[in-house]
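1. Quick one, fold the following:
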Amino acid sequence: MAKLAEMKCMPCQVGAPTLNEDEIAILQHDVPGWEVVEYEGVKRLKRTFSFKNFAEALAFTDAVGKMAEEQGHHPRIVTEWGAVTVTWWTHKIGGLHQNDFIAAAKTDQLYE
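-> So this is what the prediction gives:
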């Protein structure tokens, strides 16, 4: 399988299955630093990135937003002084899909 960061998010259909625990565990190895959290019964990938100041955090937010538009897959982004928290999940299926791990890996690349 290609590295996640090199893959492209594919359109996800309503009703597609969410990833099971085994699939999540396998994909999570490729995105260390991301945690699986559950909010309102929906599993999500979440990570907080640290920055020296607000300007750097905002530039990262813009870069993630641009990548999300290119991929057609959009996260929740919280930008504050010195930190950006990014949360990925697939709204259409109410949980985690391979696209979320691809997008997380691409987010990591932007941070490097």
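
2. Can you report phi and psi for the nearest residue to Lys92 once chain neighbours are set aside?
-> In space, Lys92 comes closest to Val14 once its chain neighbours are excluded; the distance is 5.0 Å by C-beta to C-beta, 6 or more residues apart in numbering. Heads up, the C-betas are built off the backbone N, CA and C, glycines and all. Dihedral pair for Val14: phi -60, psi 130, per degrees, to the nearest 10.

3. burial of Val14, as a residue count?
-> 8 (other C-beta atoms under 10 Å).

4. list the helices and strands the longest strand along the chain packs on?
-> The longest strand of the chain (DSSP state E) is strand 42-50. Counting contacts by 3 or more C-beta pairs under 8 Å, 6 or more residues apart in numbering; DSSP states H and E, strand 42-50 is packed against strand 35-39, strand 83-88, helix 98-111.

5. Residues touching the host helix or strand of Ala57, excluding its own?
-> Secondary structure from DSSP states H and E places Ala57 in helix 54-71. Around helix 54-71, the neighbours that count as contacts under C-beta atoms under 8 Å, 6 or more residues apart in numbering are 8-9, 49, 51, 74-75, 77, 79-84, 86, 99, 102-103, 106-107, 110-111.

6. That'll do, ta.
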